[in-house]
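*Asks:* Got a predicted model here, sequence first, then my questions.
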Amino acid sequence: MSPVPPPAVARTAAELRALPRSGTDTGTGTGTGTAAGERAVVMTMGALHEGHAALVRAARERVGPGGQVVVTVFVNPLQFGEGEDLERYPRTLEADLAVAGKEGADVVFAPPAEEVYPGGEPQVRITAGPMGEVLEGAVRPGHFDGMLTVVAKMLHLTAPDAAFFGQKDAQQLALVRRMVRDLNFPVRVVAVPTVREDDGLALSSRNRYLSAAERAHGLALSRALAAGERALGQGGQDAGAVLRAARDVLAAASGLVVDYVALVDPGSFTEIRSGKWEGEAVLAVAARAGTTRLIDNAPLHFGKRNP
């Protein structure tokens, strides 16, 4: 088997624009129903793991051999609040290039801060609004404004046809979808299911900070989600039963400081507190194990699905 060619590296938008808008095959692409030359982007802050790899694979499959997959690597300072881990966030570009190339990326766009924010800290930003002030937004004020600002910039700089995001960051995904709709971005937002380790822990770059004991404590999050899913299967459309089941697991767990357990409408992230619910929902949990903050969620469907 011939070695996988490394992806091209672009440091500026001009370098990215100069690259041919095609993948490993300049033909028309086959088997995917997509046109040649389609570009997909996977946005990351680096420290790529199997969750990111799944996004790249999904993007590669979507655009076919005639399309182009761009992976962005940029540690966005606007997403880190006071006391958060901007400085210790891992920077592993060489390893990231290897992962991206192995999974089928054509280009890694790794701009310096001055390329993304040429005037320094931006005065004009995207505001997440009420949807960004609850749950993660309440715990991390301003986080989603910073996230949406850099996503908007990366969409402009990379000009993709489709952008791939993981379902693990459910509120982020919902806000990106809302921004794209509200501000008329010409891009499709594609969700990719959460990737988990063998023990059920959702993959995250921050998992490397967990001690063995903290990791064991953190498994209570996925157990809580599983309990909520079982309650849904047993109780039909009772939102309160789903919440109680998840909360009971976390209440009995040790070694965690729980931020929230919430059942929300995935379109607006308004909470569903009790009673009968019909349609899609997200069961979301967040807690700290030691100094490391963990989040997780499970998409749920209440009631019968349409045929």
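*Replies:* On my side now, so go ahead.
*Asks:* From now on I want contacts and neighbour counts done on CA atoms only, so please keep to that.
*Replies:* Fine.
*Asks:* Give me the residue at the spatial middle of this structure.
*Replies:* In the chain, the residue lying closest to the centroid (C-alpha atoms, centre = their mean) is Gly166, at 3.8 Å.
*Asks:* wait, that one sits on Thr194?
*Replies:* Yes: counting by C-alpha atoms under 8 Å, Thr194 is a contact partner of Gly166 at 6.1 Å.
*Asks:* Now do the shared contacts for these two.
*Replies:* By C-alpha atoms under 8 Å, 6 or more residues apart in numbering, Gly166 and Thr194 have these common neighbours: Gly51.
*Asks:* ok so, going back, report the contact partners of the residue nearest to the centre of the chain.
*Replies:* Per C-alpha under 8 Å, 6+ apart, neighbours of Gly166: Gly51, Leu55, Leu173, Ala191, Val192, Pro193, Thr194.
*Asks:* in whichever helix or strand the second one is part of, what counts as buried?
*Replies:* Put plainly, it is Leu55. Taking DSSP states H and E as the definition, Leu55 sits inside helix 50-63. Within helix 50-63, the residues that count as buried by 16 or more other C-alpha atoms under 10 Å are 50-60, 62-63.
*Asks:* For the very next helix or strand once past it, which strands pair with it and how are they oriented?
*Replies:* The first helix or strand that comes after helix 50-63 along the chain, using DSSP H and E, is strand 68-73. Sheet pairing here is set by DSSP bridges, and for strand 68-73 it gives strand 39-44 (parallel), strand 107-109 (parallel).
*Asks:* wait, which of these is closest to Ile126?
*Replies:* strand 39-44 (17.1 Å; C-alpha to C-alpha).
*Asks:* CA atoms only for the closest one - export them in CSV, please.
*Replies:* The C-alpha coordinates for strand 39-44 follow below in CSV (Å, rounded to 0.1, in the frame of the first residue of the first chain):
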residue,chain,number,x,y,z
ARG,A,39,-15.5,21.8,-0.5
ALA,A,40,-16.2,20.5,3.0
VAL,A,41,-14.7,22.1,6.1
VAL,A,42,-14.0,20.5,9.5
MET,A,43,-13.2,23.2,12.1
THR,A,44,-11.0,22.3,15.1
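*Asks:* Show me what the mean pLDDT comes to for that strand.
*Replies:* For strand 39-44, mean pLDDT rounds to 97.
*Asks:* Closest one of the buried residues of helix 50-63 to Leu225?
*Replies:* Among these, Gly51 lies closest to Leu225 (C-alpha to C-alpha), at 18.7 Å.
*Asks:* Got the confidence number for that closest one?
*Replies:* Looking at Gly51, its pLDDT stands at 94.
*Asks:* Next up, the contacts around it.
*Replies:* Shown in contact with Gly51 (C-alpha under 8 Å, 6+ apart): Gly166, Thr194, Val195, Arg196, Leu203, Ser204.
*Asks:* and the gap between it and Ala251?
*Replies:* Distance, Gly51 to Ala251, by C-alpha to C-alpha, to the nearest Å: 28 Å.
*Asks:* ok, back up a step: show me just the buried residues among the contacts of Gly51.
*Replies:* Gly166, Thr194, Val195, Leu203, Ser204.
*Asks:* Thr270: which of these is nearest?
*Replies:* Closest approach between the buried ones among the contacts of Gly51 and Thr270, by C-alpha to C-alpha: Gly166, at 20.4 Å.
*Asks:* All the strands of the stretch 201-307 of the chain, residue numbers only.
*Replies:* Using DSSP state E, counting those that start in this stretch, the strands of the stretch 201-307 of the chain run over 257-264, 279-289, 292-302.
*Asks:* Could you export those strands as JSON lines, including mean pLDDT?
*Replies:* Compiled in JSON lines, the strands of the stretch 201-307 of the chain are given as follows (pLDDT from 0 to 100):
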{"stretch": "strand 257-264", "mean pLDDT": "97"}
{"stretch": "strand 279-289", "mean pLDDT": "97"}
{"stretch": "strand 292-302", "mean pLDDT": "96"}
